[in-house]
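K.L.:
Test case, fold it:
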Amino acid sequence: MPGNSGDSRFNLYVLEHFYRWLAGTEGSLLNAPFFYPYPATIGFSDPHTLTGFLYAGLRFAGVTSNDALCVWFALGNLLNFLTAYWVFRKLGLRDLGAGIGAFLFAFSLPCTAQFGHIQLVWRCTVPLGILCLQSYLEKRRPVVLGMTALVLAIQTAMSFYLGLFLLLLMGAWIIGWMARQFRSQKARPACLIRNLLPATWSKTEVILLLLLSVMSLAVVLWGVWPNLEASKLYGFKRGWGEITAGLPQLRGYLLAFHSNVWWRDHSHLPGLPMWWEQNLFPGLIVILACLIGIWPKSWNDNEVIPVAKWSLAILMVVTLSIGGSAVYMVLTKFPAFSAVRSVSRIVLILMFPASLITGSWIDWLVHERRGIPVMSIGIALILWTVFESANIVKSRVSENDWISRIAVLKRRVLEKIPVQEISNKILVLIQSGQERKKWDAFERELDAMLLAQELGIPTMNGYSGNIPKGWSSDNLAENIDSYLSRADAFLGVHRLEQSGVVMNNILFISSDGAESQPHLGSKK
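P.N.:
The predicted model follows:
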């Protein structure tokens, strides 16, 4: 299985829940039965309501859940490469430059560093979005503007994080385009802004624009409505202290902790918050291309390259945290941006302009008749990039470990409860005395979720990007009384149906066999 036994298994649960909902074995898409009886739990993280159709199609075709997840992940990476290559060719790069650029966009060090968060693999519409935007800026046709909105909507539906980051890249790209036009044409700012509006308004174009706008809205709402429902109920919002910990740090652009080539010892970076999210080093070839590209009269007369440079520089400056402050703070005044914790993941989007710049530089080195020595440098850098990207600590986990754990737990359940009575039970996986690290608790919660899903019953355990207020995995069984009281109070405040949980229906299981009934207090 790609990634780790935390987020990868959680995304497996979410995708499987979507499939089961389509198959009719789950009654609600929104109310996934973990953190039971809290509602709208599928909206605590990416609900995969778009890419879930691919996973579900594989499951309907008879593919196992684990294999379907692997195919889903592999296809996302393949599409990242293919769409980037096609777009780079459309933007003027030759085959070699487009190939190395697409490779960097899909498999550079910052991208493979995020393989542990497999929900971020689906970003194949980022290149398409920028291509549509560039086409609109050049031709200013309303239908192209509508296509740009639709591609942005699709990316947002595939990944809320990446959709917001693509929106920022589009904004920076427009500013870069205006800066390019100002320098080349000496146009007034008012004229530049006016030139962002459509040039023609034919009846057909207007109808198509309206149609594409409606489609874009429908796609976005389908993709994020679970998140909107959860946000409405729980009021999820990140404070600035939490957001600033996830902003890119300057030192982070030197860090690649999963690389076997570069310096990876984060322990010598004191005070670097969320170091596991700060793997921003893009690779040697990207660093060289972007540094050389600072020179105003550098290698390429392709007018898109300066726009890429501007957009890359703008987003890096806006999101960079210096002393706990960042321009990004202004954006957190808007609800969507205030919900994003790990802003450093924007590096996945920054790799698009960075890869475009790098591919253009490689074309210049190899194809512009600079002589054998210069060409040799270009080829050597390409070979180094492949070596650099491949020589990493692979982010994957053996299925056997956690599948065997769940099989043991399932066997214990079936030994305690007759099959015909299981459907009435609510699973609680008890904290094991063998747990020593925080990760062990994460493993327990996900074991419980996947076991409950296999049995077709709810569980009070849970794992996600957000949690109900006051919920804790520590001593959950001993605090069932207070947990259910808080849940029922929450449901009452929001005028939702009470849980009606009966204590005798709660099934306590422990991974170490210590399954004595916890003290449950007075609630019956």
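K.L.:
alpha carbons only for contacts and neighbour counts from here, please
P.N.:
OK.
K.L.:
Can you give the contact residues for the helix or strand hosting Thr156?
P.N.:
Secondary structure assignment for Thr156, by DSSP states H and E: helix 142-158. Here helix 142-158 makes contact (CA atoms under 8 Å, 6 or more residues apart in numbering) with 48-51, 122-123, 125-126, 128-130, 132-133, 135-136, 162-164, 166-167, 198, 200-201, 205-206, 208-210, 212-213, 215-217, 219-224.
K.L.:
make it 6 Å
P.N.:
For helix 142-158, contacts defined as CA atoms under 6 Å, 6 or more residues apart in numbering pick out 50, 125, 129, 132-133, 136, 163, 198, 205, 208-209, 212-213, 216, 220, 223.
K.L.:
Of all pairs in those residues, which one is the farthest apart?
P.N.:
Within the contacts of helix 142-158, Leu50 and Pro198 form the most distant pair, 30.4 Å apart (CA to CA).
K.L.:
Which one of the contacts of helix 142-158 is nearest to Trp276?
P.N.:
Nearest to Trp276 out of those is Gly163 (CA to CA; 21.9 Å).
K.L.:
Leu50 and Pro198 - which one has more neighbours?
P.N.:
Higher neighbour count among Leu50 and Pro198: Leu50, with 20 against 16, using other CA atoms under 10 Å.
K.L.:
ok, then the element right after the helix holding Thr156?
P.N.:
helix 160-185.
K.L.:
That following helix versus helix 142-158: what angle between them?
P.N.:
Here helix 160-185 runs at 150 degrees with respect to helix 142-158, directions being taken by axes from the mean of the first three to the mean of the last three CA atoms, to 10 degrees.
K.L.:
So which bits of the following helix or strand past helix 160-185 are buried?
P.N.:
Heading C-terminal from helix 160-185, the first helix or strand you meet, by DSSP H and E, is helix 189-194. For helix 189-194, a neighbour-count test (16 or more other CA atoms under 10 Å) marks Leu192 as buried.
K.L.:
next one: stretch 19-39
P.N.:
For stretch 19-39, the buried set under the neighbour-count rule, 16+ other CA under 10 Å, comprises 19-22, 26, 28-39.
K.L.:
So which of these are in helices?
P.N.:
Taking DSSP state H, the ones among those that sit in helices are 19-22.
K.L.:
Now the helix holding Thr156: buried residues?
P.N.:
Of the residues in helix 142-158, those buried under the neighbour-count criterion (16+ other CA under 10 Å) are 142-158.
K.L.:
Run the chain-centre distance for the helix or strand of the chain with the lowest mean pLDDT.
P.N.:
Taking all helices and strands of the chain together, the one with the lowest average confidence (mean pLDDT, DSSP states H and E) is helix 189-194, at a mean of 81. Relative to its parent chain, helix 189-194 has a centroid offset of 35 Å by CA atoms, centre = their mean, to the nearest Å.
K.L.:
Renumber starting at 711 from here on
P.N.:
Renumbered: residue one is now 711, and that last one reads helix 899-904.
K.L.:
name the helices or strands packed onto the lengthiest helix in the chain?
P.N.:
Once the chain is assigned using DSSP H, the helix that runs over the most residues is helix 913-944. Judged by 3 or more CA pairs under 6 Å, 6 or more residues apart in numbering; DSSP states H and E, the packing partners of helix 913-944 are helix 852-868.
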